[in-house]
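Student: Okay, here's the prediction I keep looking at, along with the sequence it came from:
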Amino acid sequence: MENKLAVYENPVKKDNTIIQYKDRIQTITPGVAEGIILGGNLTLITGLCGTPYLPDFKDAILFTEEIDEKSERLDRMFCQLRNSGILSQIKGFIFGKCTNCGPVQGYGSLTLDQMLNDYIKPLGIPAYSGAVIGHISDQFLMPVGVKVRMDATNGRVEYLEKSLL
């Protein structure tokens, strides 16, 4: 709260494990992109499709997160982002946490990683998942509507201007 430009990176956990599992980012497509950051809860974003309240996602960095949704609903929401043209407009993508999400019982549910590979990877834009964004106790507070630089290879978001909020 020192009125400095924010930089968000997942915390690095130093313990006795070789690989960090908690709060580990996964690069979907490496690279760096700049744009206005927009996003929030996936259900709420897709609920705005077709309304005058949906922001303009042209050249934006989109971040999303979700809570308490089953895989088939997540798949439908990603499909809606694609079919509404949002995914074809963005320059970068960040997925946070999917708290209490998972497949329904039975056969054939896609995992979140499979959905990200199906919907996001083909875009060829910098993208990563695992950011500490979402319905979790320790989280990034992401001001929206300002220019950022995101580095999908290293899981980093650097604000390039201050938010007026």
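Tutor: Here it is on my side, so go on.
Student: Helices of the chain, start to end?
Tutor: Using DSSP state H, the helices of the chain run over residues 42-47, 71-83, 86-89, 112-119.
Student: I'd like those written out as a markdown table, with mean pLDDT added.
Tutor: Formatted as a markdown table, the helices of the chain follow (pLDDT from 0 to 100):
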| stretch | mean pLDDT |
| --- | --- |
| helix 42-47 | 96 |
| helix 71-83 | 94 |
| helix 86-89 | 97 |
| helix 112-119 | 93 |
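Student: Can you add mean neighbour count and distance to residue 146 and give those helices back as CSV?
Tutor: Yep, even glycine has a C-beta here, placed from its N, CA and C like the rest. CSV is the format used below for the helices of the chain (neighbours: other C-beta atoms under 10 Å; distance: least, C-beta to C-beta, whole Å):
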stretch, mean neighbour count, distance to residue 146
helix 42-47, 18, 18
helix 71-83, 18, 22
helix 86-89, 17, 18
helix 112-119, 16, 25
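Student: how about CSV for these, with distance to residue 161 added?
Tutor: CSV is the format used below for the helices of the chain (distance: least, C-beta to C-beta, whole Å):
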stretch, distance to residue 161
helix 42-47, 23
helix 71-83, 26
helix 86-89, 21
helix 112-119, 28
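Student: Compare those and give me the one nearest residue 97.
Tutor: Closest approach to residue 97 among those is made by helix 112-119 (10.1 Å; C-beta to C-beta).
Student: quick one: contacts for the residue most central in space within the chain?
Tutor: By C-alpha atoms, centre = their mean, the chain has its centre lying nearest to residue 95, at 2.3 Å. By C-beta atoms under 8 Å, 6 or more residues apart in numbering, the contact set of residue 95 is 63-65, 112, 116, 120, 127-131.
Student: chain center to the helix or strand of the chain with the lowest mean pLDDT, what's the gap?
Tutor: One helix or strand of the chain scores below all others by mean pLDDT, DSSP states H and E: strand 7-9, with a mean of 78. How far strand 7-9 lies from its chain's middle: 14 Å, per C-alpha atoms, centre = their mean, to the nearest Å.
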